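Peer 1: model this:
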Amino acid sequence: MSRALTVVIAEDQEPDREKLVLYAKRLGLHVLSSVGSGKWFVEDCLKLKPDLVLMDIGLAELDGIAAYKRLVDQGLAPYLILVSGTKDSSLLLAGYELNVIGFVTKPVTFERLSAAVEKAVKAFERDLAHADGPADTRIIEIKSNHKPVFINENKLIYAERSKSDRKVQVYVAGEDPIVTRSSLSEIQVQCSELIFHPNKSQLVNLKYIDSVYASSEFFGTYTIKLTYRNTEIDLSRRKRKEFERLYSRMKG
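Peer 2: Prediction:
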């Protein structure tokens, strides 16, 4: 990796916070800030914009889950590693719903934290390959099983509406497909021009396109082939000119 990941650490118990700072530095992370409350955590993250946050669920003033959701609401979604000694299943479930990249139980050991950080580093490197830079990243919110799920736009490969039950299946890099009742229009309105509507039933991320070629089935129509599992997407004639304009702009 070309640079160290930046991190903000939030832990209300000072001895535990100092341990996390020490371990983070040993793992090669660049610690921007370490705080003891959810309020300070939000303030520092919005100001410093870390790549990664390492936080306890049970923070003072504002719990870790609520604090992270505030960041997401303001368009910031750093990689999340949660630390907790709680056995509250509702809090643990809420953490998983935020696409947490690692969950470390207390007492924290260097080995447990190292494994979680390694996942974050791999995710960062993977996303970096599909991102123009932090300023371009958008966070998409969809509903799955009546709960919010947040997706980094750069990880959204494509989405497809089912003909049978009108549900949408969202394909995300490095994760299992997500089924949602959010419509394609509700998803696209949250996205940049990278997420394109090539036909009535699908959305596609232009960054995951491998090739585009004339369809052998219908005259004047084209097929988009993705780098993901050789997936083929139909490009309607009505959308062709718009696609050419956006795709040419992206390719520079």
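
Peer 1: How much space separates Cys191 from Arg240?
Peer 2: 20 Å (C-beta to C-beta, to the nearest Å). To be clear about C-beta, it is placed using only N, CA and C from the backbone, and glycine gets the same treatment.

Peer 1: go on, Gly174?
Peer 2: With C-beta to C-beta as the criterion, Gly174 and Arg240 are 31 Å apart.

Peer 1: Settle it for me: which of those two has more neighbours?
Peer 2: Arg240 (15 against 11; other C-beta atoms under 10 Å).

Peer 1: Can you tell me the SS state at that one?
Peer 2: Classification of Arg240 using DSSP: H, G, I helix; E, B strand; the rest coil returns helix.

Peer 1: now Ser33
Peer 2: Under three-state DSSP, Ser33 comes out as strand.

Peer 1: Next up, the contacts around the residue lying closest to it once chain neighbours are set aside.
Peer 2: Sequence neighbours aside, Asp44 is the residue nearest to Ser33 in space, at 4.3 Å (criterion: C-beta to C-beta, 6 or more residues apart in numbering). Asp44 makes contact with 8, 32-33, 35 under the criterion C-beta atoms under 8 Å, 6 or more residues apart in numbering.

Peer 1: Looking at those residues, spot the one nearest Phe103.
Peer 2: Nearest to Phe103 out of the contacts of Asp44 is Val8 (C-beta to C-beta; 17.7 Å).

Peer 1: so that closest one bridges to which residues?
Peer 2: Beta bridges link Val8 to Ser33, Val53, judged by DSSP bridges.

Peer 1: Please list all residues in contact with Glu61.
Peer 2: Glu61 is in contact with 37-39, counting by C-beta under 8 Å, 6+ apart.

Peer 1: how about the helices of the protein, start to end?
Peer 2: 14-26, 38-48, 64-73, 89-97, 110-128, 184-188, 240-251 (DSSP state H).

Peer 1: Output those as JSON lines; include the columns distance to Asp56 and mean pLDDT.
Peer 2: JSON lines is the format used below for the helices of the chain (distance: least, C-beta to C-beta, whole Å; pLDDT from 0 to 100):
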{"stretch": "helix 14-26", "distance to Asp56": "7", "mean pLDDT": "96"}
{"stretch": "helix 38-48", "distance to Asp56": "9", "mean pLDDT": "94"}
{"stretch": "helix 64-73", "distance to Asp56": "6", "mean pLDDT": "86"}
{"stretch": "helix 89-97", "distance to Asp56": "11", "mean pLDDT": "62"}
{"stretch": "helix 110-128", "distance to Asp56": "13", "mean pLDDT": "86"}
{"stretch": "helix 184-188", "distance to Asp56": "32", "mean pLDDT": "95"}
{"stretch": "helix 240-251", "distance to Asp56": "40", "mean pLDDT": "88"}
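
Peer 1: Out of these, which one sits most buried?
Peer 2: Greatest average neighbour count among those goes to helix 64-73 (a mean of 20), per mean count of other C-beta atoms under 10 Å.

Peer 1: Dump the C-alpha coordinates for that one into PDB.
Peer 2: What follows is helix 64-73, C-alpha atoms only, in PDB (Å, rounded to 0.1, in the frame of the first residue of the first chain):
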ATOM      1  CA  GLY A  64     -20.800   4.400  18.900                       C
ATOM      2  CA  ILE A  65     -23.600   3.200  16.600                       C
ATOM      3  CA  ALA A  66     -25.500   6.600  16.700                       C
ATOM      4  CA  ALA A  67     -22.200   8.500  16.300                       C
ATOM      5  CA  TYR A  68     -21.300   6.500  13.100                       C
ATOM      6  CA  LYS A  69     -24.800   7.000  11.700                       C
ATOM      7  CA  ARG A  70     -24.300  10.700  12.100                       C
ATOM      8  CA  LEU A  71     -21.200  10.500   9.900                       C
ATOM      9  CA  VAL A  72     -23.100   8.500   7.200                       C
ATOM     10  CA  ASP A  73     -25.900  11.100   7.300                       C
END
